[in-house]
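**Student:** Here you go, sequence then predicted model.
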Amino acid sequence: ELESLEWGCKYLTEVTEQTKADIVAMEEAMTAANPRLFALLQTADESGVADMQQRLASLKTECKAQAKTLWHQWRVKFEKNLQRALTQEEESIGDDLEALDSVLPILLASVTELQG
């Protein structure tokens with residue numbers, strides 16, 4: 001029975017050591033992949049965290065404002081291009097109407113001539 005207990009203790013020790021080694025490897029991998037900002041947050045005191053949160057909030061506000069400005073610029077450009085395209089389309093339709101108006105009397109005369 002003592003042999004069985006010794007074997008169990010030895011096995012548990014090996015498993016524990018392997019688990020600790022796995023945890024160390026995972027922590028090292030996480031630390032290597034961890035963005036610098038997270039490392040700073042983990043080591044910062046309360047005032048440092050508050051400062052970082054304020055800076056991030058300012059950055060977020062600035063990014064939103066910049067995105068809104070870019071969207072408005074895109075919208076103005078889109079509306080100008082749309083207006084230009086609609087104006088060209090209107091001119092084309094006007095030209096087509098003029099052409100139809102000039103051809104209509106000739107067609108009506110031809111139809112009357114064919115009927116008569």
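**Tutor:** Arrived safely. The structure displayed is predicted, hence computed values, not measured ones. Numbering: from 1, shown residues only.

**Student:** Name the surrounding residues that touch the lowest-mean-pLDDT helix or strand in the chain.
**Tutor:** Taking mean pLDDT, DSSP states H and E as the measure, the chain has helix 36-43 as its least confident helix or strand, at a mean of 83. Helix 36-43 is contacted by residues 31, 48-49, 52 when judged by CB atoms under 8 Å, 6 or more residues apart in numbering. (Each C-beta comes from the backbone N, C-alpha and C, glycine too.)

**Student:** Flag the least confident of these.
**Tutor:** Of all the contacts of helix 36-43, T31 carries the smallest pLDDT score, 83.

**Student:** list the contacts for that residue?
**Tutor:** So T31 contacts A39 (CB under 8 Å, 6+ apart).

**Student:** Run the chain-centre distance for stretch 20-33.
**Tutor:** 31 Å (CA atoms, centre = their mean, to the nearest Å).

**Student:** That should have said stretch 70-87, apologies.
**Tutor:** 22 Å.

**Student:** Quick one: the strands in this protein, in order.
**Tutor:** Per DSSP state E, the chain carries no strands over any range.

**Student:** So, low pLDDT: which residues of it?
**Tutor:** Under the criterion pLDDT under 70, no range of the chain is flagged.

**Student:** Closest to the centroid, which residue in it?
**Tutor:** A67 (11.4 Å; CA atoms, centre = their mean).

**Student:** For A44, grab the count of nearby residues.
**Tutor:** Number of residues near A44 (other CB atoms under 10 Å) recorded here: 13.

**Student:** How about C9?
**Tutor:** Using other CB under 10 Å, the number of residues around C9 comes to 10.

**Student:** ok, it to S110 distance?
**Tutor:** Using CB to CB, to the nearest Å, C9 is found at 113 Å from S110.

**Student:** where along the protein do the helices fall?
**Tutor:** Using DSSP state H, the helices of the chain run over 2-33, 36-43, 46-115.

**Student:** Give the full set of residues in contact with V24.
**Tutor:** The contact partners of V24, by CB under 8 Å, 6+ apart, come to none.

**Student:** quick revisit: okay if I get the contacts of helix 36-43 as TSV plus distance to F78?
**Tutor:** Shown next, in TSV, are the contacts of helix 36-43 (distance: CB to CB, whole Å):
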residue	distance to F78
T31	47
G48	44
V49	43
M52	38
